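> Pasted the sequence and its predicted model underneath.
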Amino acid sequence: MFISGIADEAGQDIATQVKANKELGWSHIEVRNVNETNLTDVPDDGFDQILRAVTDAKLQISCFASRIANWAKDISDPSSFESDQEELARAIPRMKKAGTPFIRIMSYANKQNMPDAEWRDQAVERISTLARMAEDGEITLLHENCDGWGGLGPAQTLELLAAVNSPALRLVFDTGNTVPHCQDTMDYYQKVRRYIDYVHIKDARKVGGSCTFCFVGDGDARVAEIITDLKNTGYNGGFSIEPHVAAIVHERKTATAEELYSSYIEYGRRLNKIVEGIMGSQG
């Protein structure tokens, strides 16, 4: 197992992102945005510079945190699917160049209140097309339990996997997304466990009617229990922090450079300690 992190929560530029992951003693880094541009959108020379900075630091890109089918992509908008196909087509050769097997996706927001059955059918059709592209490119789409039809609950996640029926579609399970969505974290996790190839680490707690993201171990996402069960059931993949403490991309929440960096380092250190404790106690 290894630990990584969506490093734009440590800072905007790649040098800062690399520095944070190296300070935490990690061998991997998950790249989403660099200077507010997604890794799949930067020009080719910009990508080469980013990859060089990562490899020069002896880090491996564990996953491309793409925008494909994410919370900003409306199922009612045909152009969102067109842009996703274009994004995946750009991403695949970059993933091969970086030696990165995974790209994170979701399954489309429903901003216009499309009927659930139609939302489901269109999401399945779109993800099926993307999965065929992934098969041809020999990479793996990781669907995240977030905004999107397939993230409504474990039943929808399993139905999406069954309907698409592709070896190129697996799961990234985000521990903290269950809390704001009022889902039972362990129930969701246990029902989809056999399809999980990667894990995002967030934690959150609900107070009254509001949800607050917090440092790992301080919330209700049952992170230590999930990590323990993953180890006991033979998981050998990655954990990637997405703190949402100082910055939340989709809410446009930001912070000073110092706050971003220090909160990311503190979050990473706390996860390191949790993982070390579990590995030690389990022998």
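Looks like it came in fine. Numbers count the residues shown, from 1 in each chain.
> Tell me where the stretch 101-250 of the chain is predicted with low confidence.
Scanning the stretch 101-250 of the chain for pLDDT under 70 picks out 247-250.
> any idea where the helices of this protein begin and end?
Using DSSP state H, the helices of the chain run over 14-23, 44-56, 78-98, 116-137, 154-164, 185-192, 223-232, 257-281.
> As a markdown table, these with distance to residue 3 and mean neighbour count would be great.
Using the backbone N, CA and C atoms, a C-beta is placed for each residue, glycine as well. Listed next are those as a markdown table, based on distance: least, C-beta to C-beta, whole Å; neighbours: other C-beta atoms under 10 Å:
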| stretch | distance to residue 3 | mean neighbour count |
| --- | --- | --- |
| helix 14-23 | 9 | 20 |
| helix 44-56 | 16 | 15 |
| helix 78-98 | 19 | 17 |
| helix 116-137 | 25 | 18 |
| helix 154-164 | 24 | 18 |
| helix 185-192 | 18 | 18 |
| helix 223-232 | 10 | 18 |
| helix 257-281 | 6 | 17 |
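> any chance of the ones you listed in a markdown table, plus distance to residue 217?
Output for the helices of the chain, formatted as a markdown table (distance: least, C-beta to C-beta, whole Å):
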| stretch | distance to residue 217 |
| --- | --- |
| helix 14-23 | 19 |
| helix 44-56 | 28 |
| helix 78-98 | 31 |
| helix 116-137 | 33 |
| helix 154-164 | 24 |
| helix 185-192 | 14 |
| helix 223-232 | 6 |
| helix 257-281 | 6 |
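> ok, residue 28 touching residue 237?
No: assessed by C-beta atoms under 8 Å, residue 28 is found out of contact with residue 237, at 10.6 Å.
> right, and the helices of the chain - which one's nearest residue 66?
helix 78-98 (6.1 Å; C-beta to C-beta).
> now the closest one and helix 44-56, what's the angle there?
40 degrees (axes from the mean of the first three to the mean of the last three C-alpha atoms, to 10 degrees).
> from the chain's centre, how far out does helix 78-98 sit?
Mean-position distance between helix 78-98 and its chain equals 16 Å (C-alpha atoms, centre = their mean, to the nearest Å).
> one step back: between residue 28 and residue 237, point out the one with more neighbours.
More neighbours surround residue 28 than the other of residue 28 and residue 237, with 19 against 16 (other C-beta atoms under 10 Å).
> residues in contact with that one?
2, 3, 4, 21, 59, 60, 61, 62, 238, 240 (C-beta atoms under 8 Å, 6 or more residues apart in numbering).
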